[in-house]
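Prediction below, plus the sequence it came from.
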Amino acid sequence: MKYVLVTGGVVSGLGKGVTASSIGVVLKACGLRVTSIKIDPYLNTDAGTMSPFEHGEVFVLDDGGEVDLDLGNYERFLDVTLTRENNITTGKIYQSVICKERRGDFLGKTVQVVPHITDEIQDWIERVSKVPVDGKEGPADVCVIELGGTVGDIESMPFIEALRQFQFRVGTESFCLVHVSLVPVLGVVGEQKTKPTQHSVRELRALGLTPHLLACRSAQALKQSTKEKLSQFCHVPAGHILNIHDVSNIWHIPLLLRDQKAHIAILKQLGLSSSVFPALEEWTSRAAISDSLSIPVKIAMVGKYTGLSDTYLSVIKALLHACIFCSRKLQIEWVAAVDLEDAAREESPVAHAAAWEALKGVDGILVPGGFGDRGIEGKILAAKYARENSIPFLGVCLGMQVAVIEFARSVLGLEGANSTEFDSATPHPCVIFMPEVSKTHMGGTMRLGVRRTYFQSTYCVTAKLYKKFLYVDERHRHRYEVNPDMVEMLEKKGLHFVGKDESGQRMEILELHEHPYYIGVQFHPEFKSRPGRPSPVFQGLILAASGTLHSYLQCNLHTSLDVAPAFNWKGPVVDGPAEEESAQDESRFVPAANGFSMYAEELSNGIDNR
């Protein structure tokens, strides 16, 4: 196993995660299998209870791990499936060591940061790096490790020391250190300043780690004289000084590294063959397409944390993936949900008017997930506006629950209908607390990770978009669910729940059929969206917002027919492994009378005859 460590200096937020992911992309393009580990020095066990304002979004993995958003970058760039173990935190390390101490594993010795904490960190890295994440058997060839924070932070010192020791444990020929730093330009002087990077490297060297490559962040390309100066004072060859300057889109970053021969320098340090040229044709094409998009599609993001885009990072990426697929240029209109509320008309009339003007000028509306009651009435109003004015709408997690509350109030006439999360005394609880979820502990107690959703009809828009007629596996993160006692009442009025869990009692997907595109999903499809494989429901939103959804579904009709003629649903297997559709138990489905021709005719006529 070979290891590439990515550290950061000067300031946080330089893009270490994207740099580490891009290094992985280039190495993967050289024919190597790559895995990733993110080290976060905070004391939290995981990111699950952290505020989005402090740490950005919480990314959810297949196994239910609530992790740092950089693991989302790794999964999207490398197209791998990571586990909660790939995110190391100080809390996890100390928890593991203390558990061992309580068991008596240390035989009465004094437990200390060195060697017990540092050894635990090294053991964790070695163990996790050998776990395959790409669906193949056997360990990867290279593990890219990102150390969060900046060099010199007190909280990261045990990890720095552990990694200093680690380079000798695995051998210097199996260890490559890439240090990401900032080369600023002072407005008055206009000169690229190298001193911040010099001091950062000096600090790193004083701690026992010497960088093999420098990845310098800058607004413009580095001058040759700047590279030579950095090389002279940082003891790094000029050819190993990489420049990651600002680019039009992040798909260019792996191309920048390739063009600067970063792969050759890294592979040489690791003692691997560097004769293979990185095959990055897809990335080159994607970057060019993204730059050339000119037809805009405007999507309103109606949320609670609109002041910090990292809060909705995966949602933004899913929209971008869908836009590239649909050849549209994404324009996000950030709408603070609280500004849409009636109370804002009196308290902040200017913001209220601006929010409604923005909402009325978009092609589609998206209400993402979230927690808490702030802005909830604004989200309900956004869902109502989309429903009544035939604006394409996608509600994710809380966004789906909001759509149910709005429908109950406006269509069923249930005054005061609400979620028990926001009003425990509501006379009409549309959304309720899940019975199996803990009411005393917050961390790691939600319904998390990949869960299976079974389609209740092969004719629904969502099934057509997924091009699957049995089920779909998506990631979840929620404590509340649609009240099953209200489902029949809602469906009678036209709000159809076309996706349910294996019990048939938990609502997963809703559709409003007399609408261009009105879909809510209890899961988080953004977490599994990939650059080359956009999330189907996000893709559907962009298609509908562009006015091309109907033609897309018609063009894909014959493909769907080849896969799914027509079946009468007999119910899912409750206790069965999550296998591929091709291996599912076909006996659960009975072909409908004249199924194939009937299905084709109904699809062609846009009929959902359930």
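Thanks, I have it. Numbers count the residues shown, from 1 in each chain.

who's in contact with Val431?
Taking Cβ atoms under 8 Å, 6 or more residues apart in numbering as the definition of contact, the neighbours of Val431 are Gln401, Val404, Ile405, Asn418, Ser419, Thr420, Glu421, Tyr480, Glu481, Val482, Asn483. Heads up, the C-betas are built off the backbone N, CA and C, glycines and all.

Could you turn the buried ones of these into a ChimeraX selection?
Under the burial definition 16 or more other Cβ atoms under 10 Å, those of those that qualify are selected in ChimeraX by:
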select :401,404,405,418,419,421,480,481,482,483
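
Inside strands: which ones of the contacts of Val431?
Mapping the contacts of Val431 onto strands (DSSP state E) picks out Asn418, Ser419, Tyr480, Glu481, Val482.

what comes up buried for stretch 284-300?
Using 16+ other Cβ under 10 Å as the test for burial, stretch 284-300 gives Arg286, Ala287, Ser290, Leu293, Val297, Lys298, Ile299, Ala300.

right, and the second one touches His252 too?
Yes - counting by Cβ atoms under 8 Å, Ala287 sits close enough to His252 to count as a contact (5.0 Å).

picking that back up, redo the ones in strands among the contacts of Val431 as TSV? Include distance to Gly370.
Putting the ones in strands among the contacts of Val431 into TSV (distance: Cβ to Cβ, whole Å) gives the following:
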residue	distance to Gly370
Asn418	16
Ser419	12
Tyr480	12
Glu481	16
Val482	17
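
How many residues are close by Glu474?
Applying other Cβ atoms under 10 Å, we find 25 residues neighbouring Glu474.

Quick check, it in contact with Val521.
Yes - here Glu474 lies in contact with Val521, judged by Cβ under 8 Å, at a distance of 7.4 Å.

neighbouring contacts of stretch 421-429?
Under the criterion Cβ under 8 Å, 6+ apart, external residues in contact with stretch 421-429 comprise 371, 373, 376, 408, 414-420, 431, 433, 479-480, 483, 486.

Okay, buried residues for it please.
Glu421, Phe422, Thr426, His428, Pro429.

and what of stretch 264-282?
Ile264, Ala265, Ile266, Leu267, Gln269, Leu270, Leu272, Pro278, Leu280.

which one of the residues you listed sits closest to Leu107?
Within the buried residues of stretch 264-282, distances to Leu107 taken as Cβ to Cβ reach their minimum at Leu270, with 37.3 Å.

If you drop the residues flanking it in sequence, what lies closest to the closest one?
Lys2 (4.4 Å; Cβ to Cβ, 6 or more residues apart in numbering).

Let me see the mean pLDDT of the helix or strand containing Thr462.
For Thr462, the enclosing helix or strand under DSSP states H and E is helix 461-466. If you average the pLDDT over helix 461-466, you get 95.

contacts for that helix?
Under Cβ under 8 Å, 6+ apart, the answer for helix 461-466 is 455, 457, 469, 472, 498-499, 509, 511, 517, 519, 521, 536-537, 539-540, 549, 553, 556, 560.

now those: which count as buried?
Burial by neighbour count, 16+ other Cβ under 10 Å: within the contacts of helix 461-466 this picks out 455, 457, 469, 472, 498-499, 509, 511, 517, 519, 521, 536-537, 539-540, 549, 553, 560.
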